[in-house]
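**Student:** sequence and predicted model, in that order:
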Amino acid sequence: MQAVLNKILKVLEYINLRALWVSMASLFILMIMTSVNAIIRKAGIGGIADSLDLTQLLMILIIFCALAFQESKRGHIRVDMFVVMMPKLIAKLVNGLFNLLSTGILGFFSYSYFSDIAKTRSSGAASQVYRIPE
């Protein structure tokens, strides 16, 4: 049983690392696009068409692809200074509460994102980047 769990953990680690690379690439593209867009606007030429749509898409990729990796490495924000001083039972309860809160917030963001997609599809609106509702 332990061997199966170790294999599953290795597969998840592999997926997490690939998702992290997607997140880093998205961040790099976002930095380049923002810089070029600012330079073009300062020059008075205009700007990158649909840069708002691209920015939103890249921000979603950055957040969601890096989140699983951060959780697996325990890199999420936590107030360890106070948690260490608490008794073990209370510390576990606080950690569980924070995990439930994080799950709830992530669920709310996911619901909001998918309901926004559904609203955009039902209204018939389209953008150059998303190609909705094609």
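**Tutor:** Cool, the structure landed. Numbering: from 1, shown residues only.
**Student:** only C-alpha atoms from now on, for both contacts and neighbour counts.
**Tutor:** Fine.
**Student:** pLDDT weak spots in the chain?
**Tutor:** For the chain, applying pLDDT under 70 flags the ranges 75-81, 124-134.
**Student:** make it 80
**Tutor:** For the chain, the stretches with pLDDT under 80 are 46-53, 65, 67-85, 116-117, 120-134.
**Student:** which strands and helices sit next to the top helix by length along it?
**Tutor:** Counting by DSSP state H, the longest helix found in the chain is helix 2-43. Applying 3 or more CA pairs under 8 Å, 6 or more residues apart in numbering; DSSP states H and E, one finds that helix 2-43 contacts helix 51-72.
**Student:** just give me the residue closest to the centre of the protein.
**Tutor:** Ile63 (1.7 Å; CA atoms, centre = their mean).
**Student:** burial measure for the closest residue to that one other than its chain neighbours, as a count.
**Tutor:** The shortest distance from Ile63 to any non-neighbouring residue, by CA to CA, 6 or more residues apart in numbering, is to Ser23 (7.3 Å). The tally of other residues near Ser23 (other CA atoms under 10 Å) stands at 22.
**Student:** how far away is Ser23 from Phe108?
**Tutor:** Counting by CA to CA, to the nearest Å, the separation of Ser23 from Phe108 is 21 Å.
**Student:** ok, now Ala66?
**Tutor:** Relative to Phe108, Ala66 is positioned 18 Å away (CA to CA).
**Student:** one more: Leu54?
**Tutor:** As defined by CA to CA, Leu54 lies at a distance of 22 Å from Phe108.
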